[in-house]
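[1] can't give you the sequence, but here's the structure:
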Ligand SMILES: [Zn+2]
């Protein structure tokens, strides 16, 4: 188990719409004011799970969860891409970009400045020369009486545009946030396990919102702040993300840089290509009075995020969970001879199980 991996944060997750994370511009550059057609979407994650939801049509694209862009020309069933290890990543962490001629000089400077924090995680951003896959940087959406930044998630399939929408009134954090989407991150507050940490209705994607890496991270640049927006202004009376731990509503969603967890997550995404190998040397040792046993093993991979163990009585009963965690041993108390098996997992998937020697029960205590 790599200590650094156990601290990884989440990558992933879709975003929610409304008025968040967006760029707010008091002076619309063009009059696009229609409410927007509601459009169902779905996509397939690299592990085969499916996710679906309803977005808003904006020109040639569908806008989901606030600022996530799904190109309307994407192949059906593959309308957006989730980046995870080995899937939908930018080769060699090089991201070519090209500005649409309509993007003004001030916005260009802000967009490029926002790449800086991500270079810490090994990315380089270069003007496009002849690359077929590159990020097209366009002027922002006008949506719900404000300009909204947006981006596609992860490297898109061939012939589908990697789109970054920017405007002069986007906040510094918005520009950094959109690059996070381009790299492959979804919204932290829409993680699959979000309900343990926040109360929010901002996440429209149903089924699977990506993969989690590391603990839930309120400091993530991919976490929206607590408030909705109204006519381009923050609306402090409209709380859209309520933390369950009672922390201040003003304590998250306003930082301008990726958190340490964000950087660790993308580094892990781009350096860990596969699911881990099965644990080796699984052993079971009587460890005290009666049925106390210590089960221990050695990791065979450096890319393990956690281990899972199952147990069942010696016989044909179904396996049930016995352990889940980052340590390479655990104590189990059994009341009869018990079979055990252990596997290694990361967000790509899990290894096969390695079977352990049985855990035994003796109705006596160790001789001193
Ligand atoms: Zn976003």
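    Great, that's in hand. Quick caveat, the model's predicted, so the values are computed rather than measured.

[2] Let me see the ranges of the helices in the stretch 1-150 of the chain.
    Taking DSSP state H, counting those that start in this stretch as the test, the helices found in the stretch 1-150 of the chain are 3-6, 105-113, 116-119.

[3] Out of those helices, the one nearest residue 276 is which?
    With respect to residue 276, and counting by C-beta to C-beta, the nearest of these is helix 3-6 at 10.0 Å. To be clear about C-beta, it is placed using only N, CA and C from the backbone, and glycine gets the same treatment.

[4] Up against the ion, what does the stretch 201-350 of the chain have?
    Listed as neighbours of the ion in the stretch 201-350 of the chain under the rule C-beta under 5 Å from the ion: no residues.

[5] got any ranges where the stretch 201-350 of the chain has weak pLDDT?
    For the stretch 201-350 of the chain, the stretches flagged by pLDDT under 70 are 206-211, 272-273, 347.

[6] As a check, name the ranges of all helices in it.
    So, for the stretch 201-350 of the chain - with DSSP H, counting those that start in this stretch - the helices run 260-271.

[7] in it, what residue is nearest the ion?
    When scored by C-beta to the ion, the stretch 201-350 of the chain has residue 222 as its residue closest to the ion, at 6.6 Å.

[8] The residue nearest to that residue when sequence neighbours are not counted: how many residues sit nearby?
    Leaving aside its chain neighbours, residue 222 sits nearest to residue 188 (4.5 Å; criterion: C-beta to C-beta, 6 or more residues apart in numbering). Burial of residue 188, expressed as a neighbour count using other C-beta atoms under 10 Å, amounts to 32.

[9] Got phi/psi on residue 188?
    Torsion angles at residue 188 (phi, psi; degrees, to the nearest 10) stand at phi -60, psi -40.

[10] Now the weakest link among the helices of the stretch 1-150 of the chain, please, by mean pLDDT.
    Mean pLDDT is lowest for helix 3-6 out of the helices of the stretch 1-150 of the chain, coming in at a mean of 30.

[11] Nearest spatial neighbour of the residue of the stretch 51-200 of the chain found nearest the ion, chain-adjacent residues omitted?
    Closest approach between the stretch 51-200 of the chain and the ion, counting by C-beta to the ion: residue 67, at 4.0 Å. Once its chain neighbours are removed from consideration, residue 67 has its nearest residue in residue 150; the separation is 4.3 Å (C-beta to C-beta, 6+ apart).

[12] hang on, the earlier thing: what residues does the residue of the stretch 201-350 of the chain closest to the ion make contact with?
    For residue 222, the contacting residues are 10, 13, 177, 180-181, 185-188, 262, by C-beta atoms under 8 Å, 6 or more residues apart in numbering.

[13] Just confirm the residue nearest to residue 222 contacts residue 223, I think it does.
    Yes: because the distance of 4.0 Å satisfies C-beta atoms under 8 Å, residue 188 is recorded as touching residue 223.

[14] Pull up the overlap in contacts between these two.
    Common neighbours of residue 188 and residue 223, using C-beta under 8 Å, 6+ apart, are residue 217.

[15] Just list whatever residues bridge to the residue nearest to residue 67.
    Taking DSSP bridges, one finds residue 165 as the beta-bridge partners of residue 150.
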